[in-house]
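> next come a sequence and a model predicted from it.
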Amino acid sequence: TVRPARPAAAPTGPAPAAPPADPFIETLAGQVTASSLNATVQTLQDFQTRYASTSNCEAAGEALYAAFSALGLDDVAFQTFTFAGSYTSRNVVAEKTGSTFPDDIYIVCAHYDSTSPSATRLTHAPGADDNASGTAAVLEAARVLAPHELDYTVRFIAFSAEEWGLYGSRAYAAAARTAGERVRGVINLDMIAYADAMPEDLQIIVNPASEWLADLYLGAAASYGPLAATKTVDASFVYSDHSPFWDTNYPALLAIEDDPLTNPYYHKTTDTLSTLQPDFFTASARASLGLLAELAQPVKAGYPGTPTGLLAMWEVYYSMFRSLATVHLTWRDQADAAGYNVYRSSTPHLGYVKLNAAPIEGRTFTDDTVVAEGTYYYVVTAVGPTGLESNRSAEIVPADFFIDDAPRPEAP
């Protein structure tokens with residue numbers, strides 16, 4: 001998509017403190033290599049053009065389908081859509097199905113089509129930075145994560161016809177919403193490999209509802225890139241494939257090298273692999289993989305299983321002068337757990353504080369340190385006999401109000 005010239009939005013303040021790096025995810029991020037990323041960019045560049053509506057673009061889609069299929073993922077499929085009247089093209093959608101929460105989906109995506117000036121785009125639009133770079137990072141994430149069991153489902157998507165007006169991502173997001181799919185978050189990578197000067201940072205752009213996702217990205221960038229990143233909350237930045245997910249009320253972020261763009265080869269026949277900065281490219285891909293892995297939660301051998309069935313419900317007693325509130329939590333029994341930990345935050349998905357001093361032996365907990373007007377987010381972990389702690393349960397916000405002596409929820 002042609003991004004109109006505009007002043008840069010002011011980055012927001014620092015993100016909340018991120019959790020420490022996960023050593024296993026550090027190992028995964030270290031498997032992302034510049035040689036693998038560059039090879040994918042070169043393969044896509046060798047199609048000469050990937051302008052949607054050309055046979056070259058369709059051939060590039062076939063190559064991506066074959067590349068995803070070779071990784072042993074659970075599913076790889078084309079999604080065909082119509083755009084600009086009578087043209088058709090295809091998104092490439094690959095899936096690694098989660099073992100604990102298979103219906104809860106995280107997406108990492110990029111557009112694989114390209115463009116250049118109108119005189120050349122049908123025959124010569126190499127599109128190395130825009131956006132073979134993002135596509136290569138998506139394929140690399142799939143390669144690294146494919147052998148590992150995950151709690152959550154991950155979809156790796158290469159969209160087409162972005163340069164025509166986000167047609168591929170619009171078709172996908174609309175279909176996901178119509179089907180009622182639980183897309184928990186989207187990481188959209190668009191131009192992540194050109195550096196006008198080093199050290200380069202990555203711009204993370206979100207709408208207000210997705211701010212938590214940007215905060216997590218900044219932590220992952222520092223831990224797994226390592227890479228400097230800045231957060232901008234700007235719902236008016238609608239010029240890439242994150243935007244249709246915002247339109248359908250799914251959380252999504254855009255990772256992009258600069259806003260405004262500084263790449264002098266943008267949308268030109270000179271946007272080639274030789275202009276990319278390999279260290280910045282690799283760090284961007286590692287940071288993105290790190291965030292994706294944190295969200296999807298690799299299942300580690302020897303650790304307890306992830307708790308499921310978490311419920312959290314209010315009980316509030318009001319009098320003329322004050323209110324007394326508690327939150328009652330229950331969860332399903334985890335066979336390999338010796339106990340459980342309960343965590344709470346006032347910010348979604350990060351900043352959790354453990355509420356119990358010692359592992360809880362049962363599968364219920366009452367939090368009496370809340371206020372009735374507060375907003376709280378809870379997760380539970382299982383603790384094994386040797387003290388190893390599981391991945392976090394799905395996050396939950398307390399629902400319903402049980403006034404005074406109303407019955408409490410039964411454990412599942």
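Looks like it came in fine.
> the spatially closest residue to residue 130 that is not a sequence neighbour: what's it in contact with?
Distances taken as CB to CB, 6 or more residues apart in numbering place residue 191 nearest to residue 130, at 5.1 Å, with adjacent residues excluded. Where C-beta positions appear, they are placed from N, C-alpha and C, glycine not excepted. By CB atoms under 8 Å, 6 or more residues apart in numbering, residue 191 lies in contact with 129-131, 133-134, 256-257, 261, 263, 266.
> wait, a helix at residue 191?
No - under DSSP: H, G, I helix; E, B strand; the rest coil, residue 191 falls outside any helix and is assigned coil.
> what does it show for phi and psi?
phi 70, psi 80 (degrees, to the nearest 10).
> separation between it and residue 128?
Relative to residue 128, residue 191 is positioned 10 Å away (CB to CB, to the nearest Å).
> residue 23 now?
From residue 23 over to residue 128 the distance is 33 Å, taken as CB to CB.
> with residue 344 instead?
Remark: distance between residue 344 and residue 128 (CB to CB) = 46 Å.
> now residue 173
Applying CB to CB to residue 173 and residue 128 gives a distance of 26 Å.
> tell me the pLDDT at residue 198?
Looking at residue 198, its pLDDT reads 93.
> pretty sure it is touching residue 279, no?
Yes - when contacts are counted by CB atoms under 8 Å, residue 198 is listed as touching residue 279 (7.3 Å).
> those two - which one has more neighbours?
Here residue 198 and residue 279 are compared on neighbour count by other CB atoms under 10 Å; more neighbours surround residue 279, at 14 against 8.
> quick check: buried residues in the host helix or strand of that one?
Using DSSP states H and E, residue 279 sits within helix 278-296. The neighbour-count check on helix 278-296 (16 or more other CB atoms under 10 Å) flags 280-296 as buried.
> which elements pack onto it?
Using 3 or more CB pairs under 8 Å, 6 or more residues apart in numbering; DSSP states H and E, the elements in contact with helix 278-296 are helix 23-30, helix 34-45, strand 101-111, helix 134-145, strand 152-159, strand 182-189, helix 211-224.
> which strand residues bridge residue 383?
Bridge pairing for residue 383 (DSSP bridges) gives the partners residue 339, residue 389.
> residues in contact with it?
304, 337-341, 359, 389-390.
> at 6 Å what do you get?
Neighbouring residues of residue 383 by CB atoms under 6 Å, 6 or more residues apart in numbering: 338-339, 359, 389.
> in CSV, list those along with distance to residue 65.
Shown next, in CSV, are the contacts of residue 383 (distance: CB to CB, whole Å):
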residue, distance to residue 65
338, 46
339, 46
359, 47
389, 39
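> which among those residues gets closest to residue 109?
For those, the closest approach to residue 109 (CB to CB) belongs to residue 389, at 31.3 Å.
> pretty sure the closest one contacts residue 381?
Yes - with contact defined as CB atoms under 6 Å, residue 389 counts as touching residue 381 (5.1 Å).
> neighbour count for those two, which is higher?
Ranked by neighbour count (other CB under 10 Å), residue 389 and residue 381 place residue 381 first, with 23 against 16.
> so which strand or helix has that one?
Going by DSSP H and E, residue 381 is part of strand 377-383.
> so residue 344 and residue 128 - more neighbours on which side?
Taking other CB under 10 Å, residue 344 and residue 128 do not tie; residue 128 has more neighbours (25 against 20).
> good, wrapping up.
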